[in-house]
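*Asks:* quick one, what's the 3D model for this:
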Amino acid sequence: MIHTVLIIDNNPVILKMLTGVLEEEGYQVKTALDGLSAFDLILHSPPDIIFLDLIMPNINGEQLCQIIGDYEHLKDIPIVLISGIAAEAEQECMVRGASACLAKGPELSRNVLELVEHFNRGQGPADIPAELLGKEELHPREISLELLEANRHLQIIMENMSDGILEINPQMRIIFANQAASRLTGIRRKNLLAGNFLTLPFEGAGQKRLQDVFLNEHEAGVIIGERETLSINGHLVRLQVLPVQDREGQTTIAIIKDITARKKAEQQIRQSRQYLQAVLNSVQAGILVTDTRTCKVVDGNPLALKMLAIPESELEGRGCHEGDSCPAGEGGCPVIEQDSTGQTMVKTIVNDKGKQIDVLKTTTPCQIGDKSYVVESFIDISEQKRLEEKLHSLTITDELTGLLNRRGFMMMARKQLSIADRAGYNLFLVFADLDDLKVINDTYGHEAGDRVLSKVGEVLKALRSSDISGRIGGDEFALLVTGDQDEQDRENLVSRLQELFEGINREIGLETRVSLSMGIVEYRTGQEAGLEELLAKADSLMYRDKLGKKDG
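*Replies:* Coordinates of the predicted model:
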């Protein structure tokens, strides 16, 4: 039996008219102006039949119909939709879950009474024609058609948005939710509607701010979850709050944007940067990155700062030519201009404190997006250079005398001959043999002989530093006297050597005197004789000098 009828319509005239008609027939009538207040009324005091306006504020008729059908104790209540746009949107009035649909026409009161009596007789929805009732004498209105078309477009847009949209009334009740809002929250849409927004399972540091915003007056455009974390249903989200004022009063639109992918990408970027920074800081090479458009340094690792003696605050914006690190002078980039895949060179750079550093320098072009960079790496090879020089010195130097050995003398003397040819000056080559070294070794021991050889080395090194001297055999020495030389210079050289050997004899104090037998040949610019030929001639002259001493 039908005792209580609930009429839900935001038009007070319709409510008054239908209430009067039904009460005259002895029915108890309850009314509601919107879907949300009707929902609360239905939950607390279920009626026997519901007449529900299709279009109304705070949850429309279609949504309310679906919500009611989700409750076990309410699903058998007959629901009759009434619509003022029946002539324009007949099919949209046929809502799933509704027992019947009435048009708001001239016969609305009569049709309402007939449907109440229908259900009162125990008849059900199956006995009602599956069509819009009361549509006779109704004609479509052009303005309504246009509004319906615009509304359809809006619904399509809202339902296909990736952002969740919720509308919330001043009491924090949700009165609208799109499909994305249901997906993001993990709550079925009909369960979202009429629920309290603040009970949604938001988590994270942004949750408190979210509640503060909604419980206090807020301005348009408040964004939560960008600087702090805010998540729901496993999604990291950003929530934008937009107050909306319309003729029904103020509501709040909450736009929920899923930023999980973006946040993960940002985290991956941060981790990649940290990883690359750790690698950059750990690599045992100074590294600078230069923007080829501006020729300015944009990044560098700590070792580069240390090597170049640059304060960190002065690194960015530093010109790539500063510090004499660029193989070219100011202007242009040789790496890019030569379309090179990279350059490697050994170079001496001068840091900001004036210290010279030998480095193995590699420059490599690098394209990132539409920007071009040059990555420069510096490996300090100063110690390696010192070891190489020491090793090189050991390979060309006689250990006992400190003079060049035969290999070293030949190498340096050939270079000096080439220089003499280019410069156009003459020089002397002296071939000398230490007299009586065997006698000294046999009489005083090899230690005394070595001491004599060492003193000879000191004497030859005491001559001009530009001359090239070497021990080319056990007791044989060679001296290349550089610069433009004449006969007088040769006599002066012989006299100087004799004076120096007198000093050796006084210092050593052996009964056997130390002396040199010498052969001296002149080299003139452009002559065809090579170094080996000059040495052979000087050796022959030395031998004559030695024989002359014995004959004398």
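*Asks:* just the buried positions in the helix or strand where T363 lies, please.
*Replies:* Per DSSP states H and E, T363 falls inside strand 356-368. For strand 356-368, a neighbour-count test (16 or more other C-beta atoms under 10 Å) marks I357, D358, V359, L360, K361, T362, T363, P365 as buried. Where C-beta positions appear, they are placed from N, C-alpha and C, glycine not excepted.
*Asks:* again with stretch 443-460
*Replies:* So stretch 443-460, judged by 16+ other C-beta under 10 Å, has buried residues Y444, G449, R451, V452, L453, K455, V456, G457, V459, L460.
*Asks:* before we move on, what about stretch 42-56?
*Replies:* I42, P46, P47, D48, I49, I50, F51, L52, D53, L54, I55, M56.
*Asks:* ok, the residue most central in space within the chain to V283 distance?
*Replies:* For the chain, the residue nearest the mean C-alpha position is R273 (4.8 Å; C-alpha atoms, centre = their mean). Relative to V283, R273 is positioned 16 Å away (C-beta to C-beta, to the nearest Å).
*Asks:* same check on D436?
*Replies:* 63 Å.
*Asks:* do L166 as well
*Replies:* 51 Å.
*Asks:* those two: which is more packed in?
*Replies:* L166 (25 against 13; other C-beta atoms under 10 Å).
*Asks:* could you grab the helix/strand/coil label for the more buried one?
*Replies:* Here L166 takes the strand state, with states given by DSSP: H, G, I helix; E, B strand; the rest coil.
*Asks:* so it makes contact with L192?
*Replies:* Yes: using C-beta atoms under 8 Å, L166 is in contact with L192, at 7.4 Å.
*Asks:* hey, what's in contact with both of those two?
*Replies:* I174, A177, A181 (C-beta atoms under 8 Å, 6 or more residues apart in numbering).
*Asks:* can you put these in CSV and add pLDDT?
*Replies:* Converted to CSV, those look like this (pLDDT from 0 to 100):
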residue, pLDDT
I174, 92
A177, 91
A181, 94
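*Asks:* for PyMOL, write a command that selects the buried ones of those residues.
*Replies:* Only the buried entries of the shared contacts of L166 and L192 go into this PyMOL selection, using 16+ other C-beta under 10 Å:
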select buried, resi 174+177+181
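*Asks:* which of the buried residues of stretch 42-56 fall within strands?
*Replies:* Cross-referencing the buried residues of stretch 42-56 against strands under DSSP state E gives I49, I50, F51, L52, D53.
*Asks:* can you list contacts of the strand or helix carrying V29?
*Replies:* Assigned by DSSP H and E, V29 falls within strand 28-32. Under the contact criterion C-beta under 8 Å, 6+ apart, strand 28-32 has outside partners 3-9, 15, 18-19, 22-23, 38, 41, 45, 47.
*Asks:* closest to M411 out of those residues?
*Replies:* A38 (108.2 Å; C-beta to C-beta).
*Asks:* can you tell me the closest non-neighbouring residue to the closest one?
*Replies:* A32 (3.7 Å; C-beta to C-beta, 6 or more residues apart in numbering).
*Asks:* so for that neighbour, what's the pLDDT?
*Replies:* The model reports A32 with a pLDDT of 92.
*Asks:* just the one 3 residues further on next, same as before
*Replies:* Among the per-residue scores, G35 shows a pLDDT of 87.
*Asks:* do you know how far it is from A194?
*Replies:* 8 Å.
*Asks:* between those two, which is the more surrounded one?
*Replies:* G35 (25 against 21).
*Asks:* thought the more buried one was touching C65?
*Replies:* No: using C-beta under 8 Å, G35 is not in contact with C65, being 9.4 Å away.
*Asks:* among the buried residues of stretch 443-460, name the ones in strands.
*Replies:* In strands, judged by DSSP E, none of the buried residues of stretch 443-460 are found.
*Asks:* can you put those residues in JSON lines and add distance to K208?
*Replies:* Shown next, in JSON lines, are these (distance: C-beta to C-beta, whole Å):
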{"residue": "Y444", "distance to K208": "100"}
{"residue": "G449", "distance to K208": "96"}
{"residue": "R451", "distance to K208": "92"}
{"residue": "V452", "distance to K208": "96"}
{"residue": "L453", "distance to K208": "92"}
{"residue": "K455", "distance to K208": "92"}
{"residue": "V456", "distance to K208": "93"}
{"residue": "G457", "distance to K208": "88"}
{"residue": "V459", "distance to K208": "93"}
{"residue": "L460", "distance to K208": "90"}
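*Asks:* which of those residues lies closest to P170?
*Replies:* Nearest to P170 among the buried residues of stretch 443-460, with distances taken as C-beta to C-beta, is G457, at 105.5 Å.
*Asks:* residues touching the closest residue to that closest one other than its chain neighbours, list them.
*Replies:* Of all residues not flanking G457 in the chain, T401 sits nearest, at 2.8 Å (C-beta to C-beta, 6+ apart). Each residue near T401 by C-beta under 8 Å, 6+ apart is listed here: L453, S454, V456, G457, L460, R471.
*Asks:* mind checking the SS state of T401?
*Replies:* Per three-state DSSP, T401 ends up coil.
*Asks:* how much space separates it from E476?
*Replies:* Here T401 is placed at a distance of 12 Å from E476 (C-beta to C-beta).
*Asks:* again with S469
*Replies:* 12 Å.
*Asks:* higher neighbour count, those two?
*Replies:* S469 (27 against 16).
*Asks:* roughly how far apart are the more buried one and L493?
*Replies:* Taking C-beta to C-beta, one finds S469 at 12 Å from L493.
*Asks:* check N301 too.
*Replies:* N301 is 57 Å from L493, by C-beta to C-beta.
*Asks:* picking up where we left off before, using JSON lines, please lay out the buried residues of stretch 443-460 together with distance to Y425 and pLDDT.
*Replies:* Shown next, in JSON lines, are those (distance: C-beta to C-beta, whole Å; pLDDT from 0 to 100):
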{"residue": "Y444", "distance to Y425": "43", "pLDDT": "89"}
{"residue": "G449", "distance to Y425": "37", "pLDDT": "90"}
{"residue": "R451", "distance to Y425": "37", "pLDDT": "90"}
{"residue": "V452", "distance to Y425": "34", "pLDDT": "90"}
{"residue": "L453", "distance to Y425": "32", "pLDDT": "92"}
{"residue": "K455", "distance to Y425": "31", "pLDDT": "89"}
{"residue": "V456", "distance to Y425": "27", "pLDDT": "89"}
{"residue": "G457", "distance to Y425": "27", "pLDDT": "90"}
{"residue": "V459", "distance to Y425": "25", "pLDDT": "87"}
{"residue": "L460", "distance to Y425": "22", "pLDDT": "88"}
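*Asks:* out of the residues you listed, which two sit at the greatest distance?
*Replies:* Top of the distance list for the buried residues of stretch 443-460 (C-beta to C-beta): Y444 and L460, 21.8 Å.
*Asks:* residues near D436, how many?
*Replies:* 16.
*Asks:* mind listing what's buried in stretch 292-312?
*Replies:* Those would be 292, 295, 297-301, 303-305, 307-308, 310, for stretch 292-312 by 16+ other C-beta under 10 Å.
*Asks:* and L102, what are its phi and psi?
*Replies:* The phi/psi pair for L102 (degrees, to the nearest 10) reads phi -110, psi 140.
*Asks:* can you name the residues that contact T229?
*Replies:* G204, A205, G206, L236.
*Asks:* quick check: the third one vs R227, distance?
*Replies:* In other words, G206. Distance, G206 to R227, using C-beta to C-beta: 8 Å.
*Asks:* who has more neighbours, these two?
*Replies:* Each of G206 and R227 has its neighbours counted (other C-beta under 10 Å); G206 has more, 23 against 11.
*Asks:* in the stretch 251-400 of the chain, what residue spans correspond to strands?
*Replies:* 286-291, 296-300, 343-350, 356-368, 371-380 (DSSP state E, counting those that start in this stretch).
*Asks:* export the ones you listed to CSV and tack on mean pLDDT and distance to I223?
*Replies:* As requested, the strands of the stretch 251-400 of the chain are arranged in CSV below (pLDDT from 0 to 100; distance: least, C-beta to C-beta, whole Å):
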stretch, mean pLDDT, distance to I223
strand 286-291, 88, 34
strand 296-300, 87, 32
strand 343-350, 81, 50
strand 356-368, 86, 31
strand 371-380, 87, 31
